[in-house]
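Trainee: The sequence isn't on hand, but the structure is:
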C-alpha cells in the first residue's frame, strides 16, 4: 500500500459502528496473558460519552475510501504528593485493521494526534501498552519522569512521552487514568448481544 495516500481525519458519527467493528477485529486475536475476552470495541462505544473524552483527538485513518485505523484520547492526570493534579492525556485503544497492520498506520495515527495535542497545549501522554512497540514513537518508561502506579511502581508497560522538550519537568506522582477504562464484564456481555446481532460472528 502507498501510505502517502492514507487520509487522517476526525471520526464522525457515521463512522461509529465501523470503528467499533474495526476495533474488535484488530484485537480479537491479540494475545494478552490472562485475557478471557475482548472488550476494546465496547470501550470505544462508551468512551465517546465520558467528560474526559477529547473529541479533537478522535482520529481515523482512511485508505481507498475505507477506514483502516482509529485512535482515541481521554484526559488523565498525574497526582503529585503535594496534592497538585496535573492534566495530561492517555490514548487507547489504538486500532488498525489486521489487513493493514505492520504498515505504519499506527505510527501515522500517533504522529497526527500528537501534533494536534501539542497544538492544543497538552504537556504529555501516559499509556499502558506494549513496551516493545511504543518506544518507536518516543515513549519512555514512566519511571523516567517519576510517574508511577498507586503502588509506587513503573512497570515496563507503563510509558510516557513529553509533547515538548521538558514539558513534564516538575511533574511527578501517581498516574490516574479516566474511570472509563474500568469496565464491567456483564456490561460487555450485554453490549455484545447487540454488537454480534448487527455484525454476525466476526
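Mentor: Everything's here; your move. What you see is a predicted model, and the numbers here were worked out from it, not measured in a lab. Numbers count the residues shown, from 1 in each chain.
Trainee: any idea which strand is longest in the chain?
Mentor: strand 66-79 (DSSP state E).
Trainee: Distance from the chain centre to that strand, please.
Mentor: 4 Å (CA atoms, centre = their mean, to the nearest Å).
Trainee: Show me what that strand is packed against.
Mentor: Secondary-structure packing of strand 66-79 (3 or more CB pairs under 8 Å, 6 or more residues apart in numbering; DSSP states H and E): helix 16-27, helix 40-47, strand 59-63, strand 85-96, helix 105-119, strand 173-176. Yep, even glycine has a C-beta here, placed from its N, CA and C like the rest.
Trainee: Report the angle between it and helix 105-119.
Mentor: Inter-element angle recorded for strand 66-79 and helix 105-119: 50 degrees (by axes from the mean of the first three to the mean of the last three CA atoms, to 10 degrees).
Trainee: So which bits of strand 66-79 are buried?
Mentor: 67-79 (16 or more other CB atoms under 10 Å).
Trainee: Neighbours of residue 136, how many?
Mentor: Residues within reach of residue 136, counting by other CB atoms under 10 Å, total 10.
Trainee: And it, what's its pLDDT?
Mentor: pLDDT, residue 136: 92.
Trainee: how close does it sit to residue 60?
Mentor: Plainly put, residue 136 is 21 Å away from residue 60 if you go by CB to CB, to the nearest Å.
Trainee: Over to residue 200?
Mentor: Note on residue 200: its distance to residue 60, by CB to CB, is 22 Å.
Trainee: before we move on, what about residue 175?
Mentor: Taking CB to CB as the measure, residue 175 falls 27 Å from residue 60.
Trainee: any chance of the helices and strands packed on strand 66-79 in CSV, with mean pLDDT and distance to residue 130 too?
Mentor: What follows is these, written out as CSV (pLDDT from 0 to 100; distance: least, CB to CB, whole Å):
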stretch, mean pLDDT, distance to residue 130
helix 16-27, 96, 12
helix 40-47, 96, 14
strand 59-63, 98, 19
strand 85-96, 97, 10
helix 105-119, 97, 10
strand 173-176, 98, 17
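Trainee: so who does the most centrally placed residue in the chain touch?
Mentor: Central residue of the chain (CA atoms, centre = their mean): residue 92, 1.4 Å from the mean position. Residues in contact with residue 92, defined by CB atoms under 8 Å, 6 or more residues apart in numbering, are 43, 72, 127-129, 181.
Trainee: Among the buried residues of strand 66-79, which one sits closest to residue 2?
Mentor: Nearest to residue 2, judged by CB to CB, of the buried residues of strand 66-79 is residue 68 at 12.8 Å.
Trainee: That closest one reaches residue 25, doesn't it?
Mentor: No: Residue 68 is beyond contact range of residue 25, at 10.5 Å (criterion: CB atoms under 8 Å).
Trainee: Identify the contacts common to the two.
Mentor: The contact lists of residue 68 and residue 25 share residue 97, where a contact means CB under 8 Å, 6+ apart.
Trainee: just to revisit the earlier point, for the helices and strands packed on strand 66-79, which one sits closest to residue 165?
Mentor: Going by CB to CB, the one of those nearest residue 165 is helix 105-119, 11.4 Å.
Trainee: buried stuff in the closest one?
Mentor: Using 16+ other CB under 10 Å as the test for burial, helix 105-119 gives 105-110, 112-114, 116-117.
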